[in-house]
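Novice: below are the sequence and a predicted model for it; my questions follow.
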Amino acid sequence: MLKLTKKVEYALISLVHISEQEDGVNSSAKTIAEKYLIPREVLAKILQQLASLQMIKSIKGPQGGYQLSCDVNSINIFDFIEMLEGPVGLVDCMISHSCSQLECCTIRDPLMKINSKIIKTLKNITLDQLR
């Protein structure tokens, strides 16, 4: 089955939530986790990764939390997925050439066409379009 990982799903939910806040309003991990039923430990790691990618910034203190630090209009879903999870491909041979069936595979070319269309679609959707 072709689907986004929970990590990507939770990261997208978090980014959309944070981006919908008014300027200067912080979003806490606790609030996000409770509102969207995301395990807090998992969310904390995802938010750390988003901060290390400079997509959000962490604000310390009693009123701390997270704020957006990137332009969600300029980041497409494809790039976002690759930043979090690495290369995107329907099957392993789309991202690696170590498949033992490359020489005799009859489905590689049609799958490459499908993979290309999926990538093109993901590249045409920016994060701000998820709001």
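Specialist: Perfect, thanks for sending it.

Novice: identify the bridge partners of Lys57.
Specialist: As for beta bridges, Lys57 partners with Gln67 under DSSP bridges.

Novice: right, and it touches Gly65 too?
Specialist: No: using CB atoms under 8 Å, Lys57 is not in contact with Gly65; the gap is 9.9 Å. (Glycine included, C-beta is placed from N, CA and C.)

Novice: these two: which is more packed in?
Specialist: Gly65 (21 against 15; other CB atoms under 10 Å).

Novice: residue contacts, the residue lying closest to that one once chain neighbours are set aside?
Specialist: Spatial nearest neighbour of Gly65, excluding adjacent residues (CB to CB, 6 or more residues apart in numbering): Asn26 at 3.1 Å. By CB atoms under 8 Å, 6 or more residues apart in numbering, Asn26 lies in contact with Ile59, Gln63, Gly64, Gly65, Tyr66, Gln67.

Novice: of those residues, select the buried ones using a ChimeraX command.
Specialist: Only the buried entries of the contacts of Asn26 go into this ChimeraX selection, using 16 or more other CB atoms under 10 Å:
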select :65,66,67
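
Novice: return the set of buried residues in stretch 5-17.
Specialist: So, applying 16+ other CB under 10 Å, buried residues of stretch 5-17: Val8, Tyr10, Ala11, Leu12, Ile13, Ser14, Leu15, His17.

Novice: mind checking which helix or strand the first one is in?
Specialist: Yep, that's Val8 we're talking about. helix 6-19 (DSSP states H and E).
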